[in-house]
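Trainee: Structure of the sequence below:
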Amino acid sequence: MSGGTEGVLQRVNQFWSMLDDLSQNDPAAYRRFIQKQMEEGAEFSAPPELHSCLCTELLEPKKGLLYINICSWKRVPAPQDPSEPLPLCAGKLETGTNESQGLYTVLDVALNPAVLEENNKDKATVYMLALSFAQQQQGLRLSQQYTVVKCSPDCRPDDLHRRLGFQQRPNTSKQPDTASQTPAALLEQISSLRSEKQDEEPAAQIISRPAENKKKDLIQVMSTTFAQPQEPEYQLEVKTDTSGVPRCVELTVDLPKVCSMSECQLRISKEDVLLEVEDVYYLLLEFPITVNEDTASAVLNKKKRRLALKVEVL
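Mentor: Predicted coordinates for the structure are as follows:
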């Protein structure tokens, strides 16, 4: 084992020891610390929210109306310095028709809430940024005039979430009392929340900011990949004893793209199980029989790339 790895393990062990001591000697401080960590992680699991909406005339490639929904989303990072480019996340273009307006197109863009708050008194800056993105990155030719409207057609939260690539993670278990749990159990919950924050790529990540020099590009595209997780192959069985009484449920899942258990997020309730590997796999299954989630155990066979989950029935 390398010296660097040993140093990391030593710091981890020290942190575990500190939490153990804190939970025993000062339960109130321990609970405040854990609650703060979980709340910070949960903030980044929140969906995008509509901030404002623009409507302008779309001239090319097809005439009609263009609606741009400007959203606030904490998953979009804020620039660390005013001189740095401004991150913006964009969803998929969708086109529809209705009797009153004819052909219309909807585009969703999201920015960090701090960016929108900073430009709250000068909203035109954000509006021009969104319009410039639509023209330069989506290849649209627009009218020079726009109006601010309440919302676009197809502006339900589910529509925004879908186009921006947000996937709601169901809460399949009751929220535990943090005061009565061990440091190990709470750290596992914190890790689950923070893993949704870390390495999270929005549907389309671009960097943009009005340039001081007009010759510079207004928008630079970083990534426009829409990664949709797939459902892995699996087998779910109820195991019985010799008399035919159900004793446990066993789930095996083939995960050829997974190398470590740390990549997997597992959430289990009495009724179902959720397995996620960020942007790679998504599996939500109902158990055929009620189980005792406290007895669940999972092991990843690294050689076969197969996850085995076992949980006893109630």
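Trainee: Break the chain into its domains for me.
Mentor: Domains of the chain are assigned by automatic domain parsing as 3-43+168-201, 49-164, 234-312.
Trainee: Of those, which shows the lowest average pLDDT?
Mentor: Mean pLDDT is lowest for domain 3-43+168-201 out of those, coming in at a mean of 59.
Trainee: related to what we said a few turns ago, I'd like the domains of the chain laid out as a markdown table, including mean neighbour count.
Mentor: All C-beta spots, glycine's among them, are computed from the backbone N, C-alpha and C. Formatted as a markdown table, the domains of the chain follow (neighbours: other Cβ atoms under 10 Å):
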| stretch | mean neighbour count |
| --- | --- |
| domain 3-43+168-201 | 13 |
| domain 49-164 | 17 |
| domain 234-312 | 15 |
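Trainee: Which of the three states applies to V115?
Mentor: helix (DSSP: H, G, I helix; E, B strand; the rest coil).
Trainee: The residue nearest to it when sequence neighbours are not counted and P48: what is the separation?
Mentor: Once flanking residues are discounted, V115 sits nearest to A78: 5.9 Å by Cβ to Cβ, 6 or more residues apart in numbering. A78 sits at a distance of 15 Å from P48 (criterion: Cβ to Cβ, to the nearest Å).
Trainee: continuing past the lengthiest strand in the chain, what's the next helix or strand?
Mentor: If you go by DSSP state E, the chain has its longest strand at strand 49-60. Downstream of strand 49-60, the first helix or strand assigned by DSSP states H and E is strand 64-72.
Trainee: Which neighbouring elements make contact with that next one?
Mentor: strand 49-60, strand 102-111, helix 113-118, helix 123-136, helix 157-164 (3 or more Cβ pairs under 8 Å, 6 or more residues apart in numbering; DSSP states H and E).
Trainee: want to throw those into TSV with distance to Y281?
Mentor: Shown next, in TSV, are the helices and strands packed on strand 64-72 (distance: least, Cβ to Cβ, whole Å):
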stretch	distance to Y281
strand 49-60	28
strand 102-111	25
helix 113-118	30
helix 123-136	31
helix 157-164	19
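Trainee: So for Q145, which of the ones you listed sits nearest?
Mentor: Ranking the helices and strands packed on strand 64-72 by their distance to Q145 (criterion: Cβ to Cβ) puts strand 49-60 first, at 6.7 Å.
Trainee: relative to helix 123-136, how tilted is the closest one?
Mentor: 50 degrees (axes from the mean of the first three to the mean of the last three Cα atoms, to 10 degrees).
Trainee: got the contact list for strand 49-60?
Mentor: 63-73, 105, 116, 123, 126-127, 130-131, 140-143, 145-152, 155, 160 (Cβ atoms under 8 Å, 6 or more residues apart in numbering).
Trainee: Okay, now the sheet partners of it, with direction.
Mentor: Using DSSP bridges, the strands paired with strand 49-60 are strand 64-72 (antiparallel), strand 141-149 (antiparallel).
Trainee: before we move on, the earlier item: element containing the residue nearest to V115, please.
Mentor: Using DSSP H and E, no helix or strand contains A78.
Trainee: And for R247?
Mentor: strand 246-254.
Trainee: Next SSE downstream of that strand?
Mentor: strand 264-268.
Trainee: Report all helices and strands that that following strand contacts.
Mentor: Against strand 264-268 (3+ Cβ pairs under 8 Å, 6+ apart) you get helix 183-197, strand 272-277, strand 297-301, strand 306-312.
Trainee: quick one: strands adjacent to the last one?
Mentor: Strand pairing for strand 306-312, determined by DSSP bridges: strand 246-254 (antiparallel), strand 297-301 (antiparallel).
Trainee: Report the angle between the last one and strand 264-268.
Mentor: This points to strand 297-301. Using the same axes, to 10 degrees: strand 297-301 against strand 264-268 is 150 degrees.
Trainee: the inter-axis angle of strand 297-301 versus strand 272-277?
Mentor: 30 degrees.
Trainee: hmm, who's touching strand 297-301?
Mentor: Contacts of strand 297-301 (Cβ under 8 Å, 6+ apart): L255, V258, S260, M261, C264, L266, R306, L307, A308, L309, K310, V311.
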